[in-house]
Every structure is written in C-alpha cells, then in structure tokens.
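In: Here is a sequence with its predicted model. Questions after.
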Amino acid sequence: MPDFSILTEYFPVYLEGFLNTILVSVIALIGSFVLGTIIAVFRITTIKPLQWFGTAYVEFIRNIPLLIIVWFFFYGLHTFGARMDGFQAGTLGLTVYTSAFIAEAIRAGILSVPKGQMEAARSSGMTYIQSMLHVILPQAIKLVIPPLSNQFINLIKNSSVLTVISGLDLMYFSDKVNGDSYATVDTYIFTGMFYLILTIPMSYGSHVLERRLAKSS
C-alpha cells in the first residue's frame, strides 16, 4: 500500500504542480486547437503556397520528438536573443506539437463533409472564409470529436515533458518530492493519481458529448 503520509506531508507541493499543469494544459489546448484549425484549412485550400506550408508543417512537427521542440524553444531561441522560462517554452512547445496532430484530425473532418455544403454556402453569397467558419468547420469538428479528445488527453500527459526544463509542472514538483522523501514508488503513484484526476473526467466528458451529438444528428 502507498504511504499516504507522503501525500499529506507534501500536498502543497503536489498542488502547486497540479495547478500549473492545469494552466499549461488549458493554454496549450486552446492554442493548439486554433493553430491546428488554421493549418488544417491551409492543407485543403487551393492556394498552393499555403497548402505546401500546411503540409510541410504537419509532416515536420509530427515526425520529431516533442522533447526536441521544447528544447528548441527553451535553448535554441537564446541564439536569436529570445529568452523564455521553462513554463513559457514548454507551453509553446506543447502547443506547436499538438497542433500538428489536431490539424490532421480536423482536415479529415473537413474532407468528410459533403462538397455540396461548401457549394451551397458559396451560392448563398458567403465568402470562402465565411463558408468555412460557419458551415464546414462546425460540421467537421463535430465529426472528429473522438480523435480531438484523444489529442487533448495526450496533451495533458505530454505536459510532463516540462520537467526537463524546470517548467514547474506536476512532474517537476513530484521530482522534488522524491528528492526530499526518497520514496520513489509512492511519490509517483500519487503523481499518477493527480494525472488521472485530469484525464478521466475529460475522457468521460468526450464520450458524453459524442453520444449527445450522435443523438442530435
């Protein structure tokens, strides 16, 4: 059985990391969704330079480790005179990395929407951007809620990478607890429990939302 005295004694330390993980996850979730949506639209547009950029972005980001992206923002930008702390660099790295996967999910959703929807929207007087925002994207996002939810859950778990750049996340403070208590197994059991507090409600909520949308359809 885990030694719950570790949890009670170091609860304020855990809590600080837990709240920081929530903050970085929310910021990166919103940022990656917006950026991923833009990249998805780039990928299906008829404007070749934007299409090429979207494709290159997705293929490049998806095929390199998250840790390298985070290291780039934390260490690499120093070369150009830009300095970020661990929290900022980690949040930006998570946003960029996750956006590539979200872009692919949303692109698949857009391609699943019947082409007649765009034609009908354009014939009613909407511009391409208006048609995409008000007609195509709402339907596309509705279709890809399960993969989007998976990416958001992965984002929360991937936030643990911030510990390597002192990003003040849950894993970072868990390492400090481990260093003070020398109770490695117990320390990280409680850390896993805190991550479950975040991921299980999101997983359950996505299933509920998916069922409701299916009924409304």
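Out: Yep, it's here. Numbering: from 1, shown residues only.

In: And the contacts of stretch 99-111?
Out: Contacts of stretch 99-111 with the rest of the structure, by C-beta atoms under 8 Å, 6 or more residues apart in numbering, involve 31-33, 35-37, 39-41, 43-44, 54, 57-58, 61-62, 136-137, 139-144, 147-148, 151, 154. For glycine as for every other residue, the C-beta is placed from the backbone atoms N, C-alpha and C.

In: same question, stretch 116-126
Out: Applying C-beta under 8 Å, 6+ apart, the contact partners of stretch 116-126 are 128, 130, 131, 132, 134, 135, 136, 139.

In: In that stretch, which residues are buried?
Out: Going by neighbour count (16 or more other C-beta atoms under 10 Å), the buried part of stretch 116-126 is 118, 121, 126.

In: related to what we said a few turns ago, which of the contacts of stretch 99-111 are buried?
Out: Applying 16+ other C-beta under 10 Å to the contacts of stretch 99-111, the neighbour count classes 31-33, 35-37, 39-41, 43-44, 54, 57-58, 61, 136-137, 140-144, 147-148, 151, 154 as buried.

In: quick revisit: next step: the contacts of stretch 99-111 restricted to helices.
Out: 31-33, 35-37, 39-41, 43-44, 54, 57-58, 61-62, 137, 139-143, 147-148, 151, 154 (DSSP state H).

In: Could I get the full set of helices for this protein?
Out: Under DSSP H, the chain gives helices at 4-9, 11-44, 48-62, 66-74, 86-112, 115-123, 128-131, 137-143, 145-158, 170-181, 184-216.

In: To residue 80, which of the ones you listed lies closest?
Out: Among those, helix 66-74 comes nearest to residue 80, with 10.9 Å by C-beta to C-beta.
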